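>>> Need a 3D model of the following:
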Amino acid sequence: MRRFTGTEKAGLAVASVIVIGGLLMIIHPIDMTVFSGGYGIYGTGGPVSLQHVSKEMSRYSGGAAVLLGLGFASFVLCRSRE
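Numbers count the residues shown, from 1 in each chain. Prediction:
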């Protein structure tokens, strides 16, 4: 059985937090208000605006977070050591 390095353990911890957060957003969606930055690559030069996120969009974001977390966990587990 292969032993995990500290970096792999930390990566799996981060992936599990992302997956659990995504599942919570799917199971219990909430209406949110999100701050978005200004214009440009670095978010400078424009006004800061507020955006409303509905419950349906919160579920979609939760699903995306679950997929992101599972993809990150599979990358940590399946990458070859060199």
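>>> doesn't Phe35 make contact with Val48?
Yes. Val48 is in contact with Phe35 according to C-beta atoms under 8 Å; the separation is 6.1 Å. Heads up, the C-betas are built off the backbone N, CA and C, glycines and all.
>>> Can you find which helix in the chain contains the most residues?
helix 55-78 (DSSP state H).
>>> For Thr33, give me the backbone phi and psi.
phi -120, psi 120 (degrees, to the nearest 10).
>>> Next, count neighbours for the closest residue to it other than its chain neighbours.
By the measure of C-beta to C-beta, 6 or more residues apart in numbering, the closest residue to Thr33 outside its immediate chain neighbours is Leu50, 5.4 Å from it. Leu50 has 8 neighbours, counted by other C-beta atoms under 10 Å.
>>> is Leu50 in a bridge, and if so with what?
Beta-bridge partners of Leu50, counted by DSSP bridges, are Phe35.
>>> quick one, what contacts it?
By C-beta atoms under 8 Å, 6 or more residues apart in numbering, the contact set of Leu50 is Thr33, Val34, Phe35, Ser36.
>>> quick one: buried residues of the longest helix of the chain?
By neighbour count on 16 or more other C-beta atoms under 10 Å, the buried set for helix 55-78 is Ser58, Arg59, Ser61, Gly62, Ala65, Val66, Gly69, Phe72, Ala73, Val76.
>>> Return the distance of that helix from the chain's centre.
Between the centre of helix 55-78 and the centre of its chain there are 6 Å (C-alpha atoms, centre = their mean, to the nearest Å).
>>> Which elements pack onto that helix?
helix 6-27 (3 or more C-beta pairs under 8 Å, 6 or more residues apart in numbering; DSSP states H and E).
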